[in-house]
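Enquirer: Below are the sequence and a predicted model; questions follow.
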Amino acid sequence: MLIPPDKVRKRLIIIFGIAFIFLAIQVRFHTIFIQVIDAASDFVVHGILATKVPLFFSLGHFFANYWVVILMILVVVSFLSFINYQVAAWWFGIMQVLGMLVTWLITFILRIHWQDGPQLGETIPSLLLMWWMQILLIVIIIVSHLVKSRNIQIVFCILLVSFWSIIMLDRIFSYNMAFTSGLGAMTFGYSWWQFSAKQYYEHAKHWQKVLKIDGRV
């Protein structure tokens, strides 16, 4: 099966879900804790990192774009279909759409205010960063099936985490995204991934039979 079993998956869903809820409460009431974190991260990114490692921001700027991440989602779905994981392709595509809807709902709850009419701020969690996390995690799963060396897998994971971090830093630098939106994408995104993986592992074979879809699961 594409998604391996994981005894701690339920715990990870709960742990990262609680972490996001804690963050969401802080954001909703705009606490001092959130203001300090966002101000400090903004200073570090604009005042220090942007001048020390501008190449990283140039790299991240290209990928910190919704058209690029949507294209990559389509590439992943097409690749899964190509290697005969039809159920996985449908699962991955549907979960990204559902993740988008849930993110919009959370943003509406956390960000809306009624001064001078209803207005919405930036999304929290960051939808773009959450989508990138889902893409990179499925890539890690695919690579783990192809490369059995544990050391190579660890190095690959470190590179992908660094890549995701560079995109987040560019969103802060180029789009004035709050660092808390990135933290939201990290906590909610990983909880959502574990929830998605749990659904796939438990129900993929059932839906393959019901929908009569050929291929591997």
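Expert: Yes, it's here.
Enquirer: Could you tell me which residues within the longest helix belonging to the chain count as buried?
Expert: Longest helix of the chain, by residue count under DSSP state H: helix 179-211. Buried residues in helix 179-211, counting neighbours by 16 or more other C-beta atoms under 10 Å, are found at 179-198, 200-201, 204, 207-208. (C-beta placed from N, C-alpha, C; glycine too.)
Enquirer: Which residue ranges of the protein form helices?
Expert: Under DSSP H, the chain gives helices at 9-28, 32-44, 50-52, 54-63, 66-82, 86-111, 127-146, 150-175, 179-211.
Enquirer: For the protein, which residue occupies the most central location?
Expert: Nearest to the mean C-alpha position of the chain, by C-alpha atoms, centre = their mean, lies Met130 at 2.2 Å.
Enquirer: any idea how far Ile60 is from Ile94?
Expert: That one is not Ile; residue 60 is Gly. For Gly60, the distance to Ile94 equals 28 Å [C-beta to C-beta, to the nearest Å].
Enquirer: Check Leu105 too.
Expert: From Leu105 to Ile94 the distance is 17 Å (C-beta to C-beta).
Enquirer: same deal with Ile18?
Expert: Shown here: Ile18 relative to Ile94, a distance of 26 Å by C-beta to C-beta.
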